[in-house]
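Chemist: Output the structure for:
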Amino acid sequence: MRKIVFWIHLCVGVCAGLVIFIMSVTGVLLMYEKQIISWADGVSVTPPSGSIERLPVEQLIAKVAEVETASPTAIAISSDPSKPASFSFGREKTVFVDPYTGAILGEGSKGVRTFFRVMIDWHRWLGMGDTDNRALGKAITGASNLGFLFLVLSGIYLWWPRNWNARALKAVLLFDRTARGKARDWNWHNVIGIWSAIPLAILVFTATFFSYPWATEWLYRATGEEPPPKRAPAASAPRQNGGKSAAKESSDTLSFSGLHESWAKAEARLPGWRTITLRVPASPSAPLAFTVDRGNGARPDLRGQLTIDPKNGEEKWEGYESQGTARKIRLWVRWLHTGEAGGMLGQTIAGLASAGGAVLVWTGLSLAIRRVLKRKNARTESVPEIVSIP
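Modeler: Below is the predicted model:
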């Protein structure tokens, strides 16, 4: 059995190695994405003295409308008096505003955001994120990720010492600084594999949910719950008025009148909130969805969503505690995958595990190549020399 598992392990590693290496390296580069973007933006607010309060949201929107022709896609306000209000315009642009004066403080760092967007495209779709081949890229990374999950689990079995003694444990738990060549690759492959096995298993397992809908369905059925209905694919918006979509037309006519009162309701829903984000609806009749967070943005148990119907003012609050078991687990998936659920320490562990994955691919392929060359040389040496007699 060990020999069978070994050869499957080797074949899967050789076939999926390059893609796994790309995903691992980009995972390392994405390790501190949030902190680096915040540092690169370098925008802060000097809180006014006295008891001056933030301007109503409608006034902040009006200030932004003076310099931006498009409607924002999201609006976020922090309870921290030193942080500006942020207006997002898709993934490409963020405008910061002083919440006390309405002054435009500038845009977020485009270069840094572009860099991380490219890294995400390679991490998830092998650089095909902005092309018609995204589905192909997603299929390749999804299949490679499943292969990576097998490599991690089978690696634990293969790395497990047959004899539990000090010498055997030392060989797989500690680096041998004197090893060279094949012995060094074997030592690194085993040691890094053992120490990164658990975090890698979490990273790879959670990534499965991003590639395959059946993973979420399995989660619901495993917890004895009915999976949610599948979403119908979004239909393309009809083109009109010289190429402008109907969806864009409706967003241009959005009215933000009364938004300040709705925002106050969101603030009252979760005492101690730190950030409130409104995903701007696509049409005036669509409900307002506020995400109220009293954590760092990566703790599902510390946030909830308030939905307000603009037609009748009906409110719906969905907190973490009201969710079913499967839904609660699913809410953690993204933040466990990035490590953000554990704060900066969790991000560091996730990044180091990704670095370990890259080294595992490198040393694994090196060992495979050495094995092939050794077999080739052995066959060459076993062929008898033919001596010609004149």
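Chemist: residue ranges for the strands of the stretch 151-300 of the chain, please.
Modeler: 239-240, 244-245, 275-279, 288-293 (DSSP state E, counting those that start in this stretch).
Chemist: so which of those gets nearest Asp309?
Modeler: Among the strands of the stretch 151-300 of the chain, strand 288-293 comes nearest to Asp309, with 8.2 Å by Cβ to Cβ. Using the backbone N, CA and C atoms, a C-beta is placed for each residue, glycine as well.
Chemist: What segments of the stretch 151-300 of the chain are helices?
Modeler: 166-173, 181-211, 213-222, 246-252, 259-269 (DSSP state H, counting those that start in this stretch).
Chemist: so which of the ones you listed comes closest to Lys83?
Modeler: helix 259-269 (15.4 Å).
Chemist: Report the residue spans of the chain with pLDDT below the cut-off.
Modeler: Applying pLDDT under 70 to the chain flags the ranges 231-255, 380-390.
Chemist: Grab the longest helix from it for me.
Modeler: helix 343-382 (DSSP state H).
Chemist: other SSEs contacting it?
Modeler: If contacts are counted by 3 or more Cβ pairs under 8 Å, 6 or more residues apart in numbering; DSSP states H and E, helix 343-382 sits against helix 2-29, helix 134-159, helix 181-211, helix 325-338.
Chemist: would a markdown table of those with mean neighbour count and distance to Val372 be doable?
Modeler: A markdown table is the format used below for those (neighbours: other Cβ atoms under 10 Å; distance: least, Cβ to Cβ, whole Å):
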| stretch | mean neighbour count | distance to Val372 |
| --- | --- | --- |
| helix 2-29 | 17 | 10 |
| helix 134-159 | 18 | 19 |
| helix 181-211 | 19 | 12 |
| helix 325-338 | 18 | 34 |
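Chemist: could I get these as JSON lines with distance to Ser262?
Modeler: Shown next, in JSON lines, are those (distance: least, Cβ to Cβ, whole Å):
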{"stretch": "helix 2-29", "distance to Ser262": "38"}
{"stretch": "helix 134-159", "distance to Ser262": "35"}
{"stretch": "helix 181-211", "distance to Ser262": "32"}
{"stretch": "helix 325-338", "distance to Ser262": "24"}
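Chemist: Minimum distance to Leu55: which of these has it?
Modeler: helix 325-338 (32.1 Å).
Chemist: what's Trp122 in contact with, if anything?
Modeler: Contacts for Trp122 (Cβ atoms under 8 Å, 6 or more residues apart in numbering) come out as Ile22, Thr26.
Chemist: mind checking how far it is from Asp98?
Modeler: Using Cβ to Cβ, to the nearest Å, Trp122 is found at 36 Å from Asp98.
Chemist: ditto for Gly364
Modeler: Distance of Gly364 to Asp98, computed by Cβ to Cβ: 53 Å.
Chemist: Compare neighbour counts for those two and give me the winner.
Modeler: A count of neighbours by other Cβ atoms under 10 Å puts Gly364 above the other of Gly364 and Asp98, at 24 against 20.
Chemist: before we move on, back to that, just so I know, which of the strands of the stretch 151-300 of the chain lies nearest Ala76?
Modeler: Closest of those to Ala76 is strand 275-279, at 4.3 Å (criterion: Cβ to Cβ).
Chemist: Mind listing the strands that closest one pairs with, and their directions?
Modeler: Here strand 275-279 is paired, per DSSP bridges, with strand 74-78 (antiparallel), strand 288-293 (antiparallel).
Chemist: Pipe these into CSV and attach mean neighbour count per row.
Modeler: Compiled in CSV, those are given as follows (neighbours: other Cβ atoms under 10 Å):
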stretch, mean neighbour count
strand 74-78, 20
strand 288-293, 20
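Chemist: quick one: which of those is nearest Ala350?
Modeler: Taking Cβ to Cβ, strand 288-293 is the member of these nearest to Ala350, at 20.8 Å.
Chemist: between the closest one and helix 259-269, how many degrees?
Modeler: Strand 288-293 and helix 259-269 meet at an angle of 40 degrees, taking axes from the mean of the first three to the mean of the last three Cα atoms, to 10 degrees as the criterion.
Chemist: Check which helices and strands the next helix or strand after strand 288-293 sits against.
Modeler: Going down the chain from strand 288-293, the next helix or strand is strand 303-308, by DSSP states H and E. With contacts taken as 3+ Cβ pairs under 8 Å, 6+ apart, strand 303-308 sits against helix 259-269, strand 288-293, strand 315-319.
Chemist: Contacts for the longest one, please.
Modeler: So that's helix 259-269. So helix 259-269 is in contact with 56-58, 61, 77, 273, 276, 278, 288, 290, 292, 304, 306, 308, 315, 317, going by Cβ under 8 Å, 6+ apart.
Chemist: Recalculate using a threshold of 10 Å.
Modeler: Around helix 259-269, the neighbours that count as contacts under Cβ atoms under 10 Å, 6 or more residues apart in numbering are 54-61, 75, 77, 79, 256, 273, 276-278, 280, 288-292, 304-306, 308, 310, 313, 315, 317, 319.
Chemist: Which of the residues you listed are buried? Put it as a PyMOL command.
Modeler: Only the buried entries of the contacts of helix 259-269 go into this PyMOL selection, using 16 or more other Cβ atoms under 10 Å:
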select buried, resi 54+55+56+57+58+60+61+75+77+256+273+276+277+278+280+288+289+290+291+292+304+305+306+308+310+317
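Chemist: from memory Asn296 sits against Thr275, does it?
Modeler: Yes. Using Cβ atoms under 10 Å, Asn296 is in contact with Thr275, at 9.0 Å.
Chemist: out of these two, which sits in the busier spot?
Modeler: Thr275 (19 against 15).
Chemist: any idea how far Gly127 is from the nearest residue to that one once chain neighbours are set aside?
Modeler: Residue nearest to Thr275 in three dimensions, not counting chain neighbours: Asp293, with 4.7 Å by Cβ to Cβ, 6 or more residues apart in numbering. As judged by Cβ to Cβ, Asp293 and Gly127 stand 32 Å apart.
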